[in-house]
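Engineer: what follows is a predicted structure for the sequence shown.
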Amino acid sequence: MSQPAPATQKMTNYRWAICILLFFATTINYLDRQVLSLTWDEFIKPEFHWNDDHYGTITAVFSFVYAFSMLFAGRFIDWMGSKKGFLWAIGLWSVGACMHALCGIVTEQYVGMGSKLELMQATGDVVVLIATVSTWAFIIARCVLAIGEAGNFPAAIKVTAEYFPKKDRAFATSIFNAGASVGALFAPLSIPILAKIWGWEMAFIIIGVLGFVWMGFWVFMYDAPAKSKHVNKAELEYIDQDGQPAPQAHEKTSFLKLFKYRQTWAFAIGKFMTDGVWWFFLFWTPSYLNAQFNIKMSEGLGIALIFTLYAITTVVSIYGGKLPTIIINKTGLDPYAARMKAMLIFAFFPLVVLFAQPSGTFSPWFPILLISIGCSAHQSWSANIFSTVGDMFPKKAIASITGIGGMAGGIGSMLMQKGAGKLFVHADVTQMSFFGFTGKPAGYFVIFCVCALAYLIGWTIMKTLVPKYSPITDL
């Protein structure tokens, strides 16, 4: 328990050290998630004879398992507590990340071949067998990764609610949520190079090990604020200024009861409409650059384009979490109203993605810059939609509600990933036309249109369900 501090004692700021830990956890989360998207087209696809539909199936299954796991991850984190729950989550997803490296060995053993070269030179029905077996091997590894990764955001949002008052939560969330962009930012600088030098298998292993390193820091640095020796009385009073009691491990809420609230459905629908957009750009942008411009991720231009995309996203999105605080200070609006106002502003920015495909006829830099605006808007939106949970629900239910919303977002992403894979194969085979584009470029244009409009639709539904600040008081 923190010791009483003299009146003149300066407030500690240990909450920001915890925020940085959450940032690195999210960074590792997205690095692990990105290894496949940055290696499949150039390194894995030729070995296992995949097409866009195989990749779309793998990413869709990942999204589905992630979605289903989110529903229970939130409950698990609320039941287990932040410290143990986070350790279980990142430990499991790190194991899953490393498991991807075994998929080639499993495929070779099953089809009776002894090397990558034999797999690549296979013909006839054996090609179908190789593609099928390898796809299932990656699906299994991806499922383990998804189950573990599902715990990241429920745990991080719960810890943010433990360590920050409501007015600071969106900013703190935007900082740790920027780890998603930073992970995606450093991924093209490291993963293709690792795959090119040591093979795609080592890329999965090296990135996967980072999670085990993080676990050591979490064990020694995290405690609940009231128990932490690094948090003095002044900081504890600042954290608790909203008057909500800190949640206790094993404190239960009625799970089914959570679904009766409009606030739950508003958050879930907002996530369903928009998470798939972020995941589409995360999983498919490297393939888009290869299909549209013949740019490989192991080349300097490919690395520069993806790095630029997420560099812009990282810098701009942090301001998005600060905007509600600025609105509150200038207008006196309650946190929810300020957040919804900020989210409406962010919802308009993805409309620029409508011009990504036409602008690509001039240079690949134009669609990347426009997509970066859309991704920045998403991360700003994401920081604020996560914070609406803390605005509306008591701390003991935050991880569960976050899990429900994450499940909805994962289902939206699953539909987006599988739909995109099917559409790209169909567009390529039938030479589909859309607004002057033919084949795969036409397919990408269709998906870009969906991405551009998703946020305004999501915001409208959220605002209709919860038009004004309505905190839950009967849990």
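Structural biologist: Great, that's in hand.

Engineer: C-alpha only now, for contacts and for neighbours.
Structural biologist: OK.

Engineer: contact partners for Gly374?
Structural biologist: Contacts for Gly374 (C-alpha atoms under 8 Å, 6 or more residues apart in numbering) come out as Phe349, Pro350, Leu351, Val352, Val353, Ala452.

Engineer: go again with 7 Å.
Structural biologist: By C-alpha atoms under 7 Å, 6 or more residues apart in numbering, the contact list for Gly374 reads Phe349, Pro350, Val353.

Engineer: and stretch 439-457, which residues are buried?
Structural biologist: Of the residues in stretch 439-457, 439-456 count as buried by neighbour count, 16 or more other C-alpha atoms under 10 Å.

Engineer: re earlier: can you flag which of the contacts of Gly374 belong to strands?
Structural biologist: Secondary structure of the contacts of Gly374 is defined by DSSP state E; no position falls in strands.

Engineer: nearest to Pro154, of the residues you listed?
Structural biologist: Taking C-alpha to C-alpha as the measure, Pro154 lies nearest Pro350 of the contacts of Gly374, at 25.8 Å.

Engineer: assign a three-state SS to the nearest residue to that closest one once chain neighbours are set aside, would you?
Structural biologist: Of all residues not flanking Pro350 in the chain, Gly374 sits nearest, at 4.2 Å (C-alpha to C-alpha, 6 or more residues apart in numbering). Of the three states, Gly374 takes helix under DSSP: H, G, I helix; E, B strand; the rest coil.

Engineer: buried ones in the one helix or strand Ile191 maps to?
Structural biologist: In this structure, Ile191 sits in helix 166-198 according to DSSP states H and E. Buried residues in helix 166-198, counted by 16+ other C-alpha under 10 Å: 166-195.

Engineer: Leu119 and His49 touch, don't they?
Structural biologist: No: counting by C-alpha atoms under 7 Å, Leu119 sits too far from His49 to count as a contact (8.5 Å).

Engineer: burial measure for Glu299, as a count.
Structural biologist: Number of residues near Glu299 (other C-alpha atoms under 10 Å) recorded here: 12.

Engineer: ok, now Glu118?
Structural biologist: Under the neighbour criterion other C-alpha under 10 Å, Glu118 is assigned a count of 13.

Engineer: Asp125 versus that one, what's the distance?
Structural biologist: In this structure, Glu118 and Asp125 are separated by 14 Å, where distance is defined by C-alpha to C-alpha, to the nearest Å.

Engineer: also Leu21?
Structural biologist: From Leu21 across to Asp125, the span is 49 Å (C-alpha to C-alpha).

Engineer: out of the two, which sits in the busier spot?
Structural biologist: Neighbour totals were compared for Leu21 and Asp125, and Leu21 leads with 20 against 8 (other C-alpha under 10 Å).

Engineer: without its sequence neighbours, what residue ends up closest to the more buried one?
Structural biologist: Nearest residue to Leu21 in three dimensions, chain neighbours excluded: Trp218, at 7.4 Å (C-alpha to C-alpha, 6+ apart).

Engineer: so what does that neighbour look like in phi/psi?
Structural biologist: Dihedral angles phi and psi of Trp218 (degrees, to the nearest 10) take the values phi -60, psi -40.

Engineer: equivalent analysis for the one 10 residues further on, please.
Structural biologist: Main-chain torsions, Ser228, degrees, to the nearest 10: phi -80, psi 130.

Engineer: so how many other residues sit close to it?
Structural biologist: Neighbourhood size, Ser228 [other C-alpha under 10 Å]: 16.

Engineer: do the same with the one 4 residues further on
Structural biologist: By other C-alpha under 10 Å, the residues close to Asn232 number 24.

Engineer: residue contacts, Gln417?
Structural biologist: Remark: with contacts taken as C-alpha under 7 Å, 6+ apart, Gln417 is in contact with Gly56, Thr59, Ala60, Phe280.

Engineer: helices or strands next to the helix or strand where the first one lies in the packing?
Structural biologist: Here Gly56 sits within helix 52-80, counting by DSSP H and E. With contacts defined as 3 or more C-alpha pairs under 7 Å, 6 or more residues apart in numbering; DSSP states H and E, helix 52-80 has these neighbours: helix 125-149, helix 398-430.

Engineer: contacts for whichever helix or strand comes after the first one, please.
Structural biologist: By that I understand helix 125-149. Sequence-wise, the next helix or strand beyond helix 125-149 is helix 152-163, with elements assigned using DSSP H and E. Residues lying outside helix 152-163 but in contact with it, judged by C-alpha under 7 Å, 6+ apart, are 15, 22, 74, 77, 82, 86, 89, 169, 225, 239, 246, 390, 395, 398-399, 402-403.

Engineer: specify the angle between helix 152-163 and helix 166-198 in degrees.
Structural biologist: Between the direction of helix 152-163 and that of helix 166-198, the angle (axes from the mean of the first three to the mean of the last three C-alpha atoms, to 10 degrees) works out to 140 degrees.

Engineer: output helix 152-163 as CSV, nothing but the C-alphas.
Structural biologist: Below are the C-alpha coordinates for helix 152-163, written out as CSV (Å, rounded to 0.1, in the frame of the first residue of the first chain):
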residue,chain,number,x,y,z
ASN,A,152,-3.9,-7.4,-25.3
PHE,A,153,-6.5,-4.7,-25.6
PRO,A,154,-8.9,-5.8,-22.9
ALA,A,155,-5.9,-5.9,-20.5
ALA,A,156,-4.4,-2.7,-21.7
ILE,A,157,-7.7,-0.8,-21.5
LYS,A,158,-8.3,-2.2,-18.0
VAL,A,159,-4.8,-1.1,-16.9
THR,A,160,-5.4,2.3,-18.4
ALA,A,161,-8.6,2.6,-16.4
GLU,A,162,-6.7,1.6,-13.2
TYR,A,163,-3.9,4.1,-13.7
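
Engineer: could you give the mean pLDDT of that helix?
Structural biologist: Helix 152-163 shows an average pLDDT of 88 in the prediction.

Engineer: now it: buried residues?
Structural biologist: Neighbour counts over helix 152-163 (16+ other C-alpha under 10 Å) mark Asn152, Phe153, Pro154, Ala155, Ala156, Ile157, Lys158, Val159, Thr160, Ala161, Glu162, Tyr163 as buried.

Engineer: repeat that for stretch 231-247.
Structural biologist: Neighbour counts over stretch 231-247 (16+ other C-alpha under 10 Å) mark Val231, Asn232, Lys233, Ala234, Glu235, Leu236, Ile239, Asp240, Ala246, Pro247 as buried.

Engineer: now that stretch: mean pLDDT?
Structural biologist: For stretch 231-247, mean pLDDT rounds to 77.

Engineer: then that stretch to PDB, C-alphas only?
Structural biologist: Only the C-alpha atoms of stretch 231-247 are listed here, as PDB (Å, rounded to 0.1, in the frame of the first residue of the first chain):
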ATOM      1  CA  VAL A 231       3.000   5.500  -6.700                       C
ATOM      2  CA  ASN A 232       2.800   8.000  -3.900                       C
ATOM      3  CA  LYS A 233      -0.400   9.400  -2.300                       C
ATOM      4  CA  ALA A 234      -0.600  12.500  -4.500                       C
ATOM      5  CA  GLU A 235      -0.500  10.400  -7.700                       C
ATOM      6  CA  LEU A 236      -3.000   7.900  -6.200                       C
ATOM      7  CA  GLU A 237      -5.400  10.800  -5.400                       C
ATOM      8  CA  TYR A 238      -5.000  12.100  -9.000                       C
ATOM      9  CA  ILE A 239      -5.700   8.600 -10.400                       C
ATOM     10  CA  ASP A 240      -8.800   8.200  -8.200                       C
ATOM     11  CA  GLN A 241     -10.300  11.700  -8.800                       C
ATOM     12  CA  ASP A 242     -13.400  10.300 -10.600                       C
ATOM     13  CA  GLY A 243     -14.400   8.500  -7.400                       C
ATOM     14  CA  GLN A 244     -14.600   5.000  -8.900                       C
ATOM     15  CA  PRO A 245     -13.200   2.200  -6.700                       C
ATOM     16  CA  ALA A 246     -10.300   0.200  -8.200                       C
ATOM     17  CA  PRO A 247     -11.400  -3.200  -9.600                       C
END
